[in-house]
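[1] got a predicted structure here, sequence first:
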Amino acid sequence: MTISDQNLSRELHRGGLRSTRLRRGMLRLIETAPRPLSRRELLEDLDPPPNRVTLYRALRDLTTAGLLETITTTEGTRYGRSRHPHAHFTCTVCGRALCLPGVEPPSVDAPAGFQLERVELNLHGVCPGCAKNQDYR
């Protein structure tokens with residue numbers, strides 16, 4: 001699926017961000033990836049590759065603007081594009097993370113006096129590829 005620069009620019013502007021080549025490239029890459037991506041994967045796949053500090057700042061800005069979601073895995077933080085609440089599955093052996101769009105996190109209330117910002121549902125287990133390898137246990 002090809003996502004136009006014009007559509008990405010509009011989305012960035014709606015999020016209160018300037019449209020830069022890096023931000024558009026990051027959104028396009030994450031949008032078309034089959035799974036949430038790590039910082040390392042973004043550094044390897046973006047062309048031209050940004051320096052780490054620039055990438056981290058862009059990830060922070062895109063996440064704060066609500067254009068990206070963070071997924072905490074055993075291997076670190078991954079980034080995905082979400083327009084609806086859903087759960088994630090992370091392989092505890094290889095760190096592969098998948099979105100589970102049909103599984104929604106539970107609705108919960110914050111304790112008295114607290115403000116709830118988000119609810120995450122992260123399932124952890126072993127993916128089919130790692131399950132075939134009996135050495136993971």
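    Received it, and whenever you're ready, just let me know what you need. Computed from a predicted structure; not experimentally measured.
[2] in terms of contact, does residue 38 touch residue 76 like I think?
    Yes. The criterion here is CB atoms under 8 Å, and residue 38 meets it with residue 76 at 6.2 Å. C-beta coordinates here come from the backbone N, C-alpha and C atoms, glycine included.
[3] run through the residues that contact residue 92.
    74, 124-126 (CB atoms under 8 Å, 6 or more residues apart in numbering).
[4] among those residues, which one has the most neighbours?
    Using other CB atoms under 10 Å as the neighbour test, the contacts of residue 92 are led by residue 126, with 16 neighbours.
[5] so where's the chain uncertain?
    1-2, 82-83, 134-137 (pLDDT under 70).
[6] strands of the chain, start to end?
    Secondary structure of the chain (DSSP state E): strands at 37-38, 69-73, 76-80, 87-91, 97-100, 122-125.
[7] helices and strands around the second one, which ones?
    Okay, so that is strand 69-73. strand 76-80, strand 87-91, strand 122-125 (3 or more CB pairs under 8 Å, 6 or more residues apart in numbering; DSSP states H and E).
[8] using JSON lines, lay out those strands together with distance to residue 59.
    Shown next, in JSON lines, are the helices and strands packed on strand 69-73 (distance: least, CB to CB, whole Å):
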{"stretch": "strand 76-80", "distance to residue 59": "6"}
{"stretch": "strand 87-91", "distance to residue 59": "17"}
{"stretch": "strand 122-125", "distance to residue 59": "19"}
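[9] burial-wise, tell me which of those comes out on top.
    For the helices and strands packed on strand 69-73, the largest average neighbour count (mean count of other CB atoms under 10 Å) is found in strand 87-91, namely a mean of 21.
[10] between it and strand 76-80, how big is the angle?
    Strand 87-91 and strand 76-80 are oriented at 140 degrees to each other (axes from the mean of the first three to the mean of the last three CA atoms, to 10 degrees).
[11] what strands line up against strand 87-91, and which way round?
    If you go by DSSP bridges, strand 87-91 pairs up with strand 97-100 (antiparallel), strand 122-125 (parallel).
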